[in-house]
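Undergrad: Sequence and predicted structure below; questions after.
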Amino acid sequence: LRKNIELKLNEEQNMLVLSQSIANLGNWSTVASTGVISWSAQMYVIYGINKADFGHNLSALVALTHPEDRHILTDWIEQLTQPSPAFSLLVRIVRPDGQLRFIKTYATIEYTADQQVLRRVGCTQDVTESILLEQQDHLHLDQLAHVTRLGLMGEMATGIAHEITQPLTVAVNYANALKVIANTEKPDLEKITKIAGLVALNGLKAGKIIHRMKSFCQSQEIMRLSLDINSLITDSVLLCNSDLKKHNIKLHLELAEALPMLFVDSIKIEQVLINLIRNGSEALAAIDNSQPKTITVNSLRLDKHKLQIQVRDNGPGIELEVQKKLFTPFFTTKTEGMGMGLSICRSLIVAHQGELSFDSQPGLGTCFYITLPIQEQ
């Protein structure tokens with residue numbers, strides 16, 4: 001009987017070792033009183049070291065961690081016993097051969113009868129391949145988003161050219177007026193100063209449009225910056241003015257004050273906003289001009305963790321059958337187009353750990369909701 005029990009235990013142990021090897025998953029424990037770390041065999045494989053080369057303490061573990069992530073590891077271990085601890089951790093390690101790996105660690109705490117920390121127990125998995133695949137997916141999304149931005153800008157080019165021409169024409173007319181006033185017998189310096197200011201103002205207006213176009217078309221890298229969401233909304237509207245005027249649409253901005261800064265890629269969020277505003281413009285284009293056409297963009301704080309942007313139109317709304325397929329890739333109701341706009345928009349917002357949703361009632365209009373997390377850099 002004893003031999004059968006030993007055989008069964010050995011078999012279970014072998015199955016555990018094999019399972020850990022297949023999943024590249026190791027388990028560990030740390031005694032709270034001594035700080036001594038115990039590792040399973042797979043842990044040494046994950047870290048690429050021999051058992052004799054590991055000091056089995058926190059200092060030795062920190063030494064194997066990427067220098068930029070060491071403080072993350074030590075802070076995590078320290079706060080494990082605090083209220084609402086994070087029981088998982090993702091850091092990079094550097095193997096002795098110089099190879100960089102991503103590892104994810106899960107932990108729990110065992111307590112004594114009097115609620116003192118006895119030891120920390122957990123498992124660690126090498127997730128390098130999945131992280132690299134995720135990074136590749138993000139790169140593909142960025143490239144696809146860039147292509148759609150170029151297509152979007154191509155569609156808007158004629159209207160934006162008119163938007164640029166208008167302030168430049170005004171600036172030229174004011175400049176000609178300056179020449180006339182300057183050549184009079186007694187030039188009116190006050191009038192000259194005022195007109196010169198109008199020349200500069202219109203030149204800056206045209207320059208701002210060109211700058212937004214350049215940024216919108218060229219940016220392919222993920223460039224997350226801390227920014228004011230209301231400023232981003234007003235910049236996005238700048239590139240949509242021609243569409244709004246073309247279809248006789250009134251735009252209303254209802255932006256909440258004193259909103260916290262967001263850490264986002266401004267070009268990606270701007271792409272989503274422009275796409276939603278243009279979709280609203282196209283929906284309203286079908287309405288008779290005798291009826292008021294409006295698009296309202298709101299910004300508000302939902303709670304301490306989330307901000308929301310709402311893009312609402314008073315158009316015909318979206319049919320129920322179409323609503324079910326709205327975010328489906330390659331689905332479109334337009335005579336021209338790939339049907340990737342809203343699908344890419346949702347992917348861009350999800351990449352920011354946010355959510356893109358909508359609410360539409362046929363005959364009463366549509367509202368899209370961009371929900372973004374408030375997070376520190």
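TA: Right, received. Where do you want to start? Numbers count the residues shown, from 1 in each chain.

Undergrad: which stretches of this protein have low pLDDT?
TA: 1, 11-23, 83-86, 135-159, 162, 212, 216-224, 329-341, 376-377 (pLDDT under 70).

Undergrad: Do a quick rundown of the strands in it.
TA: Using DSSP state E, the strands found in the chain span residues 25-31, 37-39, 88-94, 100-111, 117-126, 224-227, 250-255, 262-265, 294-303, 306-313, 355-361, 365-373.

Undergrad: Residue 209: which of those strands is closest?
TA: For those, proximity to residue 209 was assessed by C-beta to C-beta; strand 250-255 is nearest, at 16.0 Å. C-beta: built from backbone N, CA, C; applies to glycine.

Undergrad: So for stretch 172-181, what gets flagged as buried?
TA: 174, 178 (16 or more other C-beta atoms under 10 Å).

Undergrad: and for that stretch, what are the contacting residues?
TA: For stretch 172-181, contacts defined as C-beta atoms under 8 Å, 6 or more residues apart in numbering pick out 187-188, 191-192, 195-196, 198-199, 202.

Undergrad: Let's see that with 6 Å instead.
TA: 187, 192, 195, 198-199 (C-beta atoms under 6 Å, 6 or more residues apart in numbering).

Undergrad: Which two among those are spaced furthest apart?
TA: Greatest spacing in the contacts of stretch 172-181, by C-beta to C-beta: 187 and 198 (16.5 Å).

Undergrad: who's more crowded, the two?
TA: residue 198 (16 against 13; other C-beta atoms under 10 Å).

Undergrad: For that one, list the residues it contacts.
TA: residue 174.

Undergrad: and with 10 Å instead?
TA: 170-171, 173-175, 177-178 (C-beta atoms under 10 Å, 6 or more residues apart in numbering).

Undergrad: Out of those, flag the one nearest to residue 282.
TA: The nearest one, if we look at the contacts of residue 198 relative to residue 282 and count by C-beta to C-beta, is residue 170, at 29.2 Å.

Undergrad: quick one: that closest one and residue 200 touch, right?
TA: No. Contact criterion C-beta atoms under 10 Å: residue 170 and residue 200 do not qualify, at 11.6 Å.

Undergrad: Looking at the two, which one has more neighbours?
TA: Neighbour totals were compared for residue 170 and residue 200, and residue 170 leads with 17 against 12 (other C-beta under 10 Å).

Undergrad: Give me the residues contacting stretch 48-66.
TA: 28, 30, 34-39, 41, 43-44, 46-47, 69-74, 77, 91-103, 126.

Undergrad: End to end on it, go ahead and measure it.
TA: 14 Å (C-alpha to C-alpha, to the nearest Å).

Undergrad: and that stretch, which residues are buried?
TA: In stretch 48-66, the ones that count as buried by 16+ other C-beta under 10 Å are 48-49, 54, 61, 64-65.

Undergrad: Then stretch 79-96?
TA: 80, 89, 91-94.

Undergrad: end to end, how far does that stretch reach?
TA: Terminal-residue distance, stretch 79-96 (C-alpha to C-alpha): 28 Å.

Undergrad: Now find how far off-centre that stretch is within its chain.
TA: 24 Å (C-alpha atoms, centre = their mean, to the nearest Å).
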